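**Student:** Following is a predicted model, sequence given first.
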Amino acid sequence: MARDALSAAGLILVFLLPLAAILMPFVKRDPVKVLFFSILAQAIAIIAATWIITRKRGVPWSKLGWRGNGHMAAIGIGVGVAIFLLVQLLGWLFAIQSGSGSTNGLFAGAMTQQRSLYTLPALLLASGILAPLSEELFFRGVLYTGLSNSFGSAIGIMVSSAIFTVLHGDFSLAALLIFIAGIVFALLYKKSGSLMVPIIAHGVHNLLTTLA
């Protein structure tokens with residue numbers, strides 16, 4: 001239900017604020033650490049909030065769709081590569097660049113500004129695993145599911161993708177590309193019934209974007 005999505009969002013904030021305060025001493029104005037610990041806090045908060053909501057509603061964790069196989073993994077990888085290539089092509093054709101304050105812009109800045117031994121592993125872990133896992137769990141597993149159950153899949157896809165776009169903090173033309181990616185991830189979840197497919201697609205896209 002849509003109410004569950006709102007409850008989850010509120011719980012995420014409840015968990016996120018103290019987590020941010022706890023992890024802040026480890027940051028020390030290092031852009032890589034800022035990104036890594038921010039995404040780590042986000043992942044912990046989303047997983048904890050989702051677990052509480054599903055437990056309260058008596059919904060098994062497996063109901064969110066954690067099943068997967070080689071075929072689904074291949075689809076996820078293929079779609080992730082396709083989204084990356086499409087975004088790169090559209091960005092080149094229309095001279096679209098991510099805003100400096102966006103998630104993608106911050107990753108790109110961290111890669112170029114900070115070159116320590118932990119830079120690449122930390123950014124790849126954050127962008128390729130933590131962010132896709134937590135974002136797909138919330139935006140598709142909780143938000144899309146709640147909205148689609150209440151208002152239909154079309155509304156669920158569009159609204160969850162719009163919120164996904166806004167929360168990425170990019171208000172340049174690149175927001176349109178993020179919105180399109182959100183729609184694709186939601187469709188993958190709808191068609192496959194598994195979170196693993198959009199998680200893999202999202203992770204592949206993020207990894208390629210970080211390394212590009």
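**Tutor:** Nice, thanks for sending it over. Just so you know, these numbers come straight off a predicted model, no measurement behind them.

**Student:** The strand or helix carrying residue 32 - contacts with which helices or strands?
**Tutor:** Per DSSP states H and E: residue 32 is located in helix 31-57. Contacts defined by 3 or more C-beta pairs under 8 Å, 6 or more residues apart in numbering; DSSP states H and E place helix 31-57 against helix 2-23, helix 103-113, helix 119-125, helix 131-136. Placement of C-beta: from N, CA and C, glycine included.

**Student:** where does this structure have low pLDDT?
**Tutor:** Scanning the chain for pLDDT under 70 picks out the ranges 1-28, 96-115.

**Student:** same thing but 50
**Tutor:** Under the criterion pLDDT under 50, the flagged ranges of the chain are 99-101.

**Student:** who's in contact with the residue sitting nearest the centre point of it?
**Tutor:** With distances taken as C-alpha atoms, centre = their mean, residue 135 lies nearest the centre of the chain, 3.1 Å away. For residue 135, the contact set (C-beta atoms under 8 Å, 6 or more residues apart in numbering) comprises 46, 164, 202.

**Student:** By neighbours, which of those wins?
**Tutor:** Counting neighbours by other C-beta atoms under 10 Å, the top entry in the contacts of residue 135 is residue 202, with 28 neighbours.

**Student:** Alpha carbons only: can I get stretch 38-50 in CSV?
**Tutor:** Output of stretch 38-50 as CSV, limited to C-alpha atoms (Å, rounded to 0.1, in the frame of the first residue of the first chain):
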residue,chain,number,x,y,z
SER,A,38,26.7,8.6,3.0
ILE,A,39,25.7,5.6,0.8
LEU,A,40,26.5,3.1,3.5
ALA,A,41,24.2,5.0,5.9
GLN,A,42,21.5,5.1,3.2
ALA,A,43,21.8,1.4,2.6
ILE,A,44,21.6,0.5,6.3
ALA,A,45,18.6,2.9,6.9
ILE,A,46,16.7,1.5,3.9
ILE,A,47,17.3,-2.1,4.8
ALA,A,48,16.3,-1.6,8.4
ALA,A,49,13.2,0.4,7.5
THR,A,50,12.1,-2.1,4.9
